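> prediction below, plus the sequence it came from.
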Amino acid sequence: MHSNDSLDIEPSAANRPSTADELAGLVRRQLALLGEDPDREGLLKTPARVAASLQWLTRGYQMSVREVVGDALFAEEHRSMVMVRDVEFYSMCEHHMLPFFGRVHVAYIPDGRIVGLSKLPRIVEMFARRLQVQERLTEQVAAAVEEVLQPSGVGVVVEAVHLCMMMRGVENQSSKTITSALRGVFREDAKTRAEFLNLAHAPSQR
């Protein structure tokens, strides 16, 4: 796991409130470079709004897995699959800083302890609220669950649509990107892997 993804991660200085004025100044300069007048009425507060929005959308840099999970770890002899499906997420592509969003399905097989169910979506949220690529997001969620629980196996599937494909480039409106990360028995045991993937790709009941 990358050092910035470990349980001991310190919040990044890049996202602290003291940077808001500097960010706003950069946004103001961008507006001018795009041919806009930053002093016109409709744009006067835009730099500050965009700076605040960017800080909120990337607040995952200020979180750590240790803080997110807290003390919600419990000794338990349950040995069957635990799965949280359809975790909604929003993130920003690091290549174009355009949004991508979708759903994450996370599962693990406990080996002596379990985690509070709400903590799995919180782990997803932590990594999603950073500049990302979907492939790395998938691996980071799997690695965090594995590090926290040391389970027999972890499985993560991410399904997302990317505005960098929909609004620019190929302008493809209907494609979906699916990535997966399989660890432990999810990779080694074909039946366990098949059970997980069948559950992950089953039609949503929503």
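Okay, I see it. Numbers count the residues shown, from 1 in each chain.
> now the most centrally placed residue in the chain: how far from residue 101?
Nearest residue to the geometric centre of the chain (CA atoms, centre = their mean): residue 128, 2.1 Å. Distance of residue 128 to residue 101, given as CB to CB, to the nearest Å: 9 Å. To be clear about C-beta, it is placed using only N, CA and C from the backbone, and glycine gets the same treatment.
> shared neighbours of the two, anything?
89, 90, 91 (CB atoms under 8 Å, 6 or more residues apart in numbering).
> phi, psi for the residue lying closest to the last one once chain neighbours are set aside please.
Beyond its immediate neighbours in the sequence, the residue positioned closest to residue 91 (CB to CB, 6 or more residues apart in numbering) is residue 128, lying 4.2 Å away. In terms of degrees, to the nearest 10, the main-chain angles of residue 128 are phi -70, psi -30.
> what's near enough to touch residue 128?
60, 89, 90, 91, 137.
> among these, name the buried ones.
60, 89, 91, 137 (16 or more other CB atoms under 10 Å).
> just those: which are in strands?
Here DSSP state E is the test, and the buried ones among the contacts of residue 128 give 89, 91 as lying in strands.
> could I get the buried ones among the contacts of residue 128 as CSV with pLDDT?
Output for the buried ones among the contacts of residue 128, formatted as CSV (pLDDT from 0 to 100):
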residue, pLDDT
60, 96
89, 98
91, 98
137, 98
